[in-house]
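Asks: Fold the stuff below for me.
(one chain, ligands or ions: 1)
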Amino acid sequence: MRVLVTGASGLLGINFCLQVSQKHDVVGIVHSHSLSNVPFQVLRIDLAYEELARDLVSMVKPNLVVNCAAMAYLDQCERQPQVAKIINADLPAWLAEECAHNKTQFLHISTDAVFDGRKKSGYTEKDSPNPLSVYARTKLEGERAVRKANPNALIVRVNFYGFSISGERGLAEFFLYNLLAGKQVNGFTDVHFCPLYVHDLSPILMEMVSKGLKGLYHVVSPEELSKYDFGVKIAHIFGLDRSLITPVSVKESDLIAPRALNLILNINKLQSDLDKALPKQEQGLSYFYDHYQKGYATNLKKYIG
Ligand SMILES: NC(=O)c1ccc[n+]([C@@H]2O[C@H](COP(=O)([O-])OP(=O)(O)OC[C@H]3O[C@@H](n4cnc5c(N)ncnc54)[C@H](OP(=O)(O)O)[C@@H]3O)[C@@H](O)[C@H]2O)c1
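Replies: This is a model prediction of the structure:
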């Protein structure tokens, strides 16, 4: 199968492309970062330009398009709401339309952040979103535009962690590298989420595609924990000093974009349709640890440039 992946230099995109290119012909799109010596084809395109984005599908002729491109830094979205709208809402619509026109499967990546976090239990696909930030609002607009343009599209709300090319993307790298350097960090005790290791997420996404699933799905770990507890688990598995993590409330932070406290998603629909359980935290974190021990994080950095 020929798979076109946007956002191939991002946290999800690079790990997804490296895994999927073991079995499939992958073309990855990057923008401000370039990649070299990766086992897949790379094109550098600014997808904020509608014509360039639309031409991509008919030019590459993939069987599947996976849209991992996003403006995914929440505070950057608050500062640049127009750009956030183009990348998070308009681009998915353009790609969804082109895929519908070319009869190409389309998988769009969305987020757990579309909810306001006021619910006391896990959100299902039927719960009404209520985004709190520019990021969340534009991502929700993207979901809705994709659904309208392409009813056959698969839309997944995810939360994941893993190693990135910069070594500075996401919570797991934040905890790991600060703890390795013996630095004190804060961990939020009042934000709960269900992160999946990215190497567990990618094959699940491909399985969903191969089963022909369509519409909206929540794809996260079945096990929730606080961001503080996530840091403590990383400290434990890597044998690092957990006392370096100070338990704090997110209200004490200087983050700009408002964050929901409950990011817990219910994944019953997916587990039932795939007829299997998704990985719990210990399983994902031991996979993350094994990859680190095998030099995966260091090797990723060699792809920059
Ligand atoms: N990280 C998480 O925990 C998390 C949680 C929930 C949902 N998500 C969703 O998962 C998806 C992937 O997130 P991520 O964390 O992997 O994001 P990321 O690391 O920030 O990567 C974003 C990607 O989008 C590309 N991109 C941005 N602007 C572009 C443009 N104008 N033209 C072409 N490409 C452009 C970037 O390319 P360059 O870097 O080359 O410019 C990069 O490859 C997103 O849809 C995000 O909303 C992420």
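Asks: How about the residues of the protein by the ligand?
Replies: Counting by C-beta under 6 Å from any ligand atom, the residues of the chain lying close to the ligand are 6-13, 29-33, 46-48, 68-70, 72, 87, 109, 111-112, 139, 158-160, 169-170. Just so you know, the C-beta spots here come from the backbone N, C-alpha and C atoms, and that holds for glycine as well.
Asks: which among those residues end up buried?
Replies: Neighbour-count burial (16 or more other C-beta atoms under 10 Å) applied to those gives 6-13, 29-31, 33, 47, 68-70, 72, 87, 109, 111-112, 139, 158-160, 169-170.
Asks: need the contact list for the residue in the stretch 151-300 of the chain positioned nearest to the ligand.
Replies: Residue nearest to the ligand within the stretch 151-300 of the chain (C-beta to the nearest ligand atom): Asn159, separated by 4.6 Å. When the contact criterion is C-beta atoms under 8 Å, 6 or more residues apart in numbering, the partners of Asn159 are 111-112, 193-196, 220, 263, 265.
Asks: Could you do Leu255 as well?
Replies: With contact set as C-beta under 8 Å, 6+ apart, Leu255 has these partners: 74-75.
Asks: Which ones among the buried ones among the residues of the chain next to the ligand map onto strands?
Replies: 6, 29-30, 109, 111, 158, 160 (DSSP state E).
Asks: Got the confidence number for the residue located most distally from the centre of the chain?
Replies: Checked against the mean C-alpha position of the chain, the extreme residue using C-alpha atoms, centre = their mean is Ser243, at a distance of 28.9 Å. According to the per-residue confidence, Ser243 scores 98 in pLDDT.
Asks: Ramachandran coordinates for it?
Replies: Here is the backbone geometry of Ser243 (degrees, to the nearest 10): phi -70, psi -10.
Asks: how about the strands in the chain?
Replies: Across the chain, reading from the start of the chain, the strands by DSSP E fall at 2-6, 25-30, 41-44, 64-67, 105-111, 154-158, 160-161, 185-188, 192-193, 196-197, 215-219, 225-226, 245-248.
Asks: on that earlier part again, make a markdown table from the ones in strands among the buried ones among the residues of the chain next to the ligand and add pLDDT to it.
Replies: Converted to a markdown table, those look like this (pLDDT from 0 to 100):
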| residue | pLDDT |
| --- | --- |
| Thr6 | 98 |
| Ile29 | 98 |
| Val30 | 98 |
| Ile109 | 98 |
| Thr111 | 98 |
| Val158 | 98 |
| Phe160 | 98 |
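Asks: ok so, going back, just so I know, which of the strands of the chain lies nearest Tyr135?
Replies: When the strands of the chain are compared by C-beta to C-beta, strand 105-111 sits nearest Tyr135, at 7.7 Å.
Asks: And the closest one, what's buried?
Replies: 105-111.
Asks: now swap in stretch 107-126 and tell me
Replies: 107-117, 119, 122-123, 125.
Asks: and that stretch, C-alpha only, in CSV?
Replies: Extracted as CSV, the C-alpha positions of stretch 107-126 are listed here (Å, rounded to 0.1, in the frame of the first residue of the first chain):
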residue,chain,number,x,y,z
LEU,A,107,-7.3,9.1,8.4
HIS,A,108,-7.3,12.4,10.3
ILE,A,109,-5.7,12.8,13.7
SER,A,110,-7.5,14.8,16.3
THR,A,111,-7.2,15.3,20.0
ASP,A,112,-8.7,14.6,23.5
ALA,A,113,-8.5,18.3,24.1
VAL,A,114,-11.9,19.0,22.3
PHE,A,115,-13.7,18.5,25.7
ASP,A,116,-13.9,21.0,28.5
GLY,A,117,-13.0,18.3,31.1
ARG,A,118,-16.0,19.0,33.3
LYS,A,119,-17.4,15.4,33.1
LYS,A,120,-16.5,13.2,36.0
SER,A,121,-15.8,10.1,33.9
GLY,A,122,-14.4,9.2,30.5
TYR,A,123,-15.8,11.0,27.4
THR,A,124,-17.4,8.8,24.7
GLU,A,125,-17.6,9.7,21.0
LYS,A,126,-21.3,10.7,21.7
